[in-house]
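J.: Here is a sequence together with a model predicted from it:
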Amino acid sequence: EEFYMWLQGPFLGSLYPPDGPGSYWVGDTQVPRQPGMLNDQSRVIGVPRLRQVRSNTRSCDDLRYGFRSGLVDVCLATAEESEDKSPFGPASQRYEWQSESELGGTWTWGRAGWYPGSGYVQDFPSFSADASAVASSINKNASDIVSSLQAMEWIDLKTRAVFVEFNLFNANQNHFLSVSMMLELPTVGGAVASYDFHVVPLRRYVTTGQIAVAVLELVIFLYMIGHIADEMRSLSRDRMAYFSSVYNLLDLAMAALWVVIVVLYVVTTIESSQADFTASDKYVDLGRVTRWTVVQSQVMSVMILCAWLKAMDFLSVFRSVSRLVVMIEMMLREMASFFVVLFVVLAAFASAEFVAYGYKDENSQTWLYSLLWRFSGAFSGAALSDDFTQRNRVMGTFYGLLFVLSIGLLLLNLVIAIMATAYEKALSDSGEAYWARRQYLMIIRDGGERSDHVMQAIEQYLVLAYFLIDRHVVPLVTGGVGAVSTAYKIRTDLNIADVRVDPLFAKVVEFNHKRMERKDKKKDNKRTGGKDVVPGTLE
């Protein structure tokens, strides 16, 4: 009854006002607004509609054991288990089931379950071009539709969800709004109301600012093609060693996500081009293109997250940032076992609370909800008297006190001690030698096939740079062509053999010499087939 009252009142009063859509002044002339305007700013595209999802009945024989016959006459399934597809209603007003492909709908995740995009549809009347002459009659027609639905009990025992769907277009912002308001009627009883609004830009590149965005998208498109080609070359060169770097994995993730974004962009463009935005007598379906647009935004958000994390790799050329990143990596490795223990403790409380009073607590209605609630409570805190005791005076208080003692006093203080110890260890491990080695690897990481004298020049430059840093004379400056040219100048102007080098860094240089020797020997074996060759006989 309240749902029908809402339809007759606020809903029809907003979309089908009996006095017309209003007017505005242009000089000394009052111009009436176009019909179908909501809040004087957004135009309704097509017509609104009601969509209902129904479920089948099932046998109650398995529930009658121990009860007298006839105690329960009918049992209901959920829409996920068994959707009702049979016609219903009086002969003069029968409603036929329509599939998702016919309605263009998609699955919807409500608060009480999942619902398909199919169902039974009732369209509202279209908006006439004459605003003031027929405003009252259009409102009456819409009101008569709601009254007839209420009289025939359109919403009954088998109804699982009712959707109020319509689309708006705001010309001021050039955006479309897909509106879906849902009333769920779960099999446990009661009603759950929710809504789902999505703003989507379906008309692209029509303003000056959007054309500038198009140019930027083209630049990013060309850049990403080059980036993917470069990553493929690195992958083919390094093979499995490529996956040992977290930043390489971020590069691969961004490349894969970018391909997905481009595919979704093409799909949404095709879907939006097929929509008839000028239709005035039928519902214009934007549900599918809206879903793809939302998925595209979510994929793009993950890509942006990876891009910002990748920025840490570029900032590692600075000594202070590199040391900080190394400390964080070392602390995370030290805390791996702690996270396992924390998860076990949180899972224990989540399972206990879900079994004890999850049926009457919104935060513990499922095991996953309970786990997430415990995880957030471990770091944000929760009021013991309000949150726990209202659920269950005995068990709620017991679990609340035990949670505060085990998490707040023991584990959180333990993690502080672990982080302090890991910080001290990271500080000692990420000293001058580690910094020099890291810079050395950054230069040779993308070198590929380099000649021996270039490698030696880079090594000599790094030795001198490490020597200068150790004396705090100048900061370390590395990178690309500058490193090679400076190395040649160093080799001609200075005697590198007189420079004292840290033993750890000397081992790094020695390791690279051995690597080059093994590489040259491997090439010779490949050319000779592993046979010994007399010097001077091999061309």
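T.: All right, it came through fine.
J.: Every contact and neighbour count from this point should use C-alpha atoms.
T.: Fine.
J.: Just the element for the most centrally placed residue in the chain, please.
T.: Central residue of the chain (CA atoms, centre = their mean): Gln298, 4.0 Å from the mean position. Using DSSP states H and E, Gln298 falls within helix 287-315.
J.: That helix: which residues count as buried?
T.: Within helix 287-315, the residues that count as buried by 16 or more other CA atoms under 10 Å are 287-294, 296, 299-300, 303, 306-307, 310, 313.
J.: How many residues are close by Ser180?
T.: Look at Ser180: counted by other CA atoms under 10 Å, it has 20 neighbours.
J.: try Phe277
T.: The burial count for Phe277: 17, using other CA under 10 Å.
J.: okay, and the helix or strand of this protein with the least pLDDT?
T.: Using mean pLDDT, DSSP states H and E, helix 480-493 stands out as the lowest-scoring helix or strand of the chain, at a mean of 38.
J.: all helices of the stretch 1-150 of the chain, in order?
T.: Secondary structure of the stretch 1-150 of the chain by DSSP state H, counting those that start in this stretch: the helices cover 2-6, 12-15, 100-103, 135-151.
J.: same check, this time on the stretch 301-450 of the chain
T.: 319-334, 336-357, 367-380, 395-403, 412-429, 432-444.
J.: tell me what the longest one is packed against?
T.: If I follow you right, that is helix 336-357. Judged by 3 or more CA pairs under 8 Å, 6 or more residues apart in numbering; DSSP states H and E, the packing partners of helix 336-357 are helix 367-380, helix 395-403.
J.: hang on, the earlier thing: of all the helices of the stretch 1-150 of the chain, which lies closest to Ala253?
T.: The closest of these to Ala253 is helix 100-103. By CA to CA, the value is 32.8 Å.
J.: how about low-confidence regions in the chain?
T.: Applying pLDDT under 70 to the chain flags the ranges 20-21, 61-73, 128-136, 379-392, 426, 429-516, 519-520, 523-524, 526-539.
J.: Report the buried residues of the biggest helix by length in it.
T.: When the chain is parsed with DSSP state H, its longest helix is helix 208-238. Of the residues in helix 208-238, 224, 227-228, 231, 234-235 count as buried by neighbour count, 16+ other CA under 10 Å.
J.: would you turn those residues into CSV with distance to Phe88?
T.: What follows is the buried residues of helix 208-238, written out as CSV (distance: CA to CA, whole Å):
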residue, distance to Phe88
Met224, 54
His227, 58
Ile228, 56
Glu231, 59
Ser234, 63
Leu235, 61
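J.: What is the burial count for the nearest residue to His175 once chain neighbours are set aside?
T.: Closest residue to His175 in three dimensions, ignoring its sequence neighbours and counting by CA to CA, 6 or more residues apart in numbering: Pro201, at 4.8 Å. Using other CA under 10 Å, Pro201 has 14 other residues around it.
J.: Can I get the helices of the stretch 301-450 of the chain in CSV including mean neighbour count and distance to Thr159?
T.: Below are those laid out as CSV (neighbours: other CA atoms under 10 Å; distance: least, CA to CA, whole Å):
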stretch, mean neighbour count, distance to Thr159
helix 319-334, 16, 51
helix 336-357, 16, 29
helix 367-380, 17, 27
helix 395-403, 17, 36
helix 412-429, 15, 49
helix 432-444, 18, 63
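J.: name the helices or strands packed onto the helix holding Gln298?
T.: When contacts are defined as 3+ CA pairs under 8 Å, 6+ apart, helix 287-315 sits against strand 192-200, helix 246-274, helix 319-334.
J.: the inter-axis angle of that helix versus strand 192-200?
T.: Orientation of helix 287-315 against strand 192-200 (axes from the mean of the first three to the mean of the last three CA atoms, to 10 degrees) gives an angle of 70 degrees.
J.: Could you check the angle helix 287-315 makes with helix 319-334?
T.: Between helix 287-315 and helix 319-334, the angle comes out at 110 degrees (the same axes, to 10 degrees).
J.: Make sure Phe88 is actually in contact with Gly119.
T.: No. Using CA atoms under 8 Å, Phe88 is not in contact with Gly119, being 11.6 Å away.
J.: if you count what's nearby, which of these two comes out ahead?
T.: Remark: of Phe88 and Gly119, Gly119 carries more neighbours, 25 against 14, as counted by other CA under 10 Å.
J.: now the more buried one: how far from Arg160?
T.: To Arg160, Gly119 is 11 Å away according to CA to CA, to the nearest Å.
J.: cool, Gly396 as well?
T.: The gap separating Gly396 from Arg160 is 33 Å, by CA to CA.
J.: do Phe349 as well
T.: Taken as CA to CA, the span from Phe349 to Arg160 is 33 Å.
J.: do the same with Ile225
T.: Taking CA to CA, one finds Ile225 at 48 Å from Arg160.
J.: can you check Phe403 too?
T.: Where Arg160 is concerned, Phe403 sits at a distance of 38 Å (CA to CA).
J.: Now for Leu309: which residues touch it?
T.: Residues near Leu309 by CA atoms under 8 Å, 6 or more residues apart in numbering: Leu250.
J.: Then Asp313?
T.: Going by CA under 8 Å, 6+ apart, Asp313 touches Tyr247.
J.: how does it look with 10 Å?
T.: By CA atoms under 10 Å, 6 or more residues apart in numbering, the contact set of Asp313 is 246-248, 321-322, 325, 442.
J.: Output those residues in JSON lines; the columns should cover distance to Asn170.
T.: Formatted as JSON lines, those follow (distance: CA to CA, whole Å):
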{"residue": "Val246", "distance to Asn170": "44"}
{"residue": "Tyr247", "distance to Asn170": "42"}
{"residue": "Asn248", "distance to Asn170": "43"}
{"residue": "Val321", "distance to Asn170": "46"}
{"residue": "Ser322", "distance to Asn170": "48"}
{"residue": "Val325", "distance to Asn170": "46"}
{"residue": "Met442", "distance to Asn170": "51"}
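J.: Widest-spaced pair of those residues?
T.: Longest distance between any two of the contacts of Asp313 is 18.9 Å, between Asn248 and Val321; criterion CA to CA.
J.: How far does stretch 273-280 stretch from one end to the other?
T.: OK, stretch 273-280 end separation, CA to CA: 17 Å.
J.: Buried residues, it. List them.
T.: So, applying 16+ other CA under 10 Å, buried residues of stretch 273-280: 277, 280.
J.: same deal with stretch 30-39?
T.: Neighbour counts over stretch 30-39 (16+ other CA under 10 Å) mark 33-38 as buried.
J.: Quick one: end-to-end distance for it.
T.: Termini of stretch 30-39 sit 18 Å apart (CA to CA).
J.: picking up where we left off before, the residue nearest to the centre of the chain and Leu309, how far apart?
T.: 17 Å.
J.: Gln122 now?
T.: Distance of Gln122 to Leu309, given as CA to CA: 49 Å.
J.: For Tyr195, grab the count of nearby residues.
T.: If you count neighbours by other CA under 10 Å, Tyr195 ends up with 13.
J.: which residues touch the nearest residue to it once chain neighbours are set aside?
T.: Nearest residue to Tyr195, sequence neighbours excluded (CA to CA, 6+ apart): Met181, at 4.2 Å. When contacts are counted by CA under 10 Å, 6+ apart, Met181 touches 50, 162-166, 193-197.
J.: helix or strand for Met181, which one?
T.: Using DSSP H and E, the element containing Met181 is strand 175-184.
J.: What of Leu157?
T.: With secondary structure defined by DSSP H and E, Leu157 is part of neither a helix nor a strand.
J.: That one reaches Leu185, doesn't it?
T.: Yes. Assessed by CA atoms under 10 Å, Leu157 is found in contact with Leu185 at 8.9 Å.
J.: between the helices and strands packed on helix 336-357, which gets nearest to Ala356?
T.: So among the helices and strands packed on helix 336-357, helix 395-403 is nearest, using CA to CA, at 7.4 Å.
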